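[1] Structure for this input, please:
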Amino acid sequence: MPIKILDRYILKEFFRFLIMILSLFISLFIIIDFFERLKLFISNHASVSQMFSFIIYQIPMIVSLTLPAAVLIATLIALSTLSRNSEITAMKANGISLYRIAFPIFFASCAISIGLFFFSEWVTPIANQKADHIKYVEIKKQEARGSFKQEQIWYRGKHSIYNFNLYNQKTGLIQGVSLYFMTPDFQPKMQIIAEKAIWQGQNWLGYNVQVITLSEEGLPSIQKVNRMTLPIQETPLEFEAVQMSPDKMGFFELRKYIKKLISEENDVTPYLADLHAKIAFAFVTLILTMIGVIFSVHSERSGGVARSIGMGIIIGFSYWIVHAFAVSFGRSGTVHPILAAWFANALFLAVGLVFVRKIRT
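    Residues are numbered from 1 along each chain as shown. Below is the predicted model:
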């Protein structure tokens, strides 16, 4: 069998299983997510079109999260099937090494890794924003008062306009607070600037506050206080739909946001871990492909679809667990962000290289 024909044959089998597995993952995720959000849909009287649109905009995120595991399982099934049918044995008998047999799958995985990175950069963040808009504005009927622009939060409050540099949903901390108050004819009346504000359960307490008031003649007067309760009537829950979490940003958008936070002397450790994790997760596809090749032909006569799927799920979820734990340590500052982001990749690569030495090529 000529090499080019062999490559096309292997790729055909690989992509056939990849499409099947990825479709299965998407279907399972949609079904589980739908029933988890069913109470939300019913309690807010969501229409069928709103539910359908929300689910459609969730698909890019599902693809971004599950594609590496789908590639792993597709590799396992494709090569296990060839092994079970003695096709790999026949190829080896004709002088074709295992490395050459797996080359088209590695090449495809490399292209998928690059494509996944840019898909997660350009498509997934936009789809996430659309899904959030449907959830908060169309379904929950919350007024669209805020936006995340130029790496800042702009929010139209009940009596003023807010500008935040950084909002941490978990701690209820706002950094770089500016409140703008207008007269009925939209002329500036007062501005309140605070280094940070912390949610106290009932109100927002500002630190290192400057209150700039304009007189009727337009002359400013400045009052400085160490702490004061800020006139922000909104609760942290109302800012959730505005602040973009790192997992909903693209790599370049997050990197730009980090540079801005650094210039303002804010702590960016949690964001650095997520930034490097975006690259690491996109290129884990290559490592999982290598592991898939190793395990699929480790015992050439023991191939089986069920065994391959089970092994792929175990390996895939093991990576997710290790990666999530490592990144969480990076976010907290316990481990250096770069080390935390790449730890799971390095670990699974090391495991793969150990097994590579034990297989017959």
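[2] Is A108 part of a helix or strand, or is it coil?
    helix (DSSP: H, G, I helix; E, B strand; the rest coil).
[3] now do Y155
    strand.
[4] Just list whatever residues bridge to it.
    For Y155, the beta-bridge assignment (DSSP bridges) gives partners G146, Y162.
[5] count of neighbours near it?
    The number of residues packed near Y155 is 22, by other C-beta atoms under 10 Å. To be clear about C-beta, it is placed using only N, CA and C from the backbone, and glycine gets the same treatment.
[6] Would you agree it is in contact with Y167?
    No - with contact defined as C-beta atoms under 8 Å, Y155 does not reach Y167; the gap is 9.4 Å.
[7] part of a strand, is K196?
    Yes - assessed with three-state DSSP, K196 lies in a strand.
[8] Could you list which residues are in contact with it?
    By C-beta atoms under 8 Å, 6 or more residues apart in numbering, the contact list for K196 reads 173-177, 206-208.
[9] Same question for L38.
    Contact analysis of L38 by C-beta under 8 Å, 6+ apart lists nothing.
[10] quick one: the helices in the stretch 51-200 of the chain?
    87-93, 98-122, 124-133 (DSSP state H, counting those that start in this stretch).
[11] looking at those, which is closest to Y257?
    Y257 sits nearest to helix 124-133 of all the helices of the stretch 51-200 of the chain, at 12.0 Å, using C-beta to C-beta.
[12] can you give me how far the helix or strand where L286 lies is from the chain middle?
    L286 is part of helix 269-296, with elements assigned from DSSP states H and E. How far helix 269-296 lies from its chain's middle: 13 Å, per C-alpha atoms, centre = their mean, to the nearest Å.
[13] do the same with stretch 21-34
    17 Å.
[14] Quick one: residues in contact with that stretch.
    Applying C-beta under 8 Å, 6+ apart, the contact partners of stretch 21-34 are 51, 55, 58-59, 62-63, 66-67, 69-70, 73-74, 77.
[15] Out of these, which is nearest to A326?
    Nearest member of those to A326, counting by C-beta to C-beta, is A69, at 17.3 Å.
[16] Test my guess that that closest one contacts I314.
    No - assessed by C-beta under 8 Å, A69 is found out of contact with I314, at 10.5 Å.
[17] between the two, which one's more packed in?
    Shown here are A69 and I314; by other C-beta under 10 Å, A69 has more neighbours (22 against 10).
[18] what residues are up against the most centrally placed residue in the chain?
    For the chain, the residue nearest the mean C-alpha position is D247 (3.4 Å; C-alpha atoms, centre = their mean). With contact set as C-beta under 8 Å, 6+ apart, D247 has these partners: D274.
[19] Thank you kindly, that will do.
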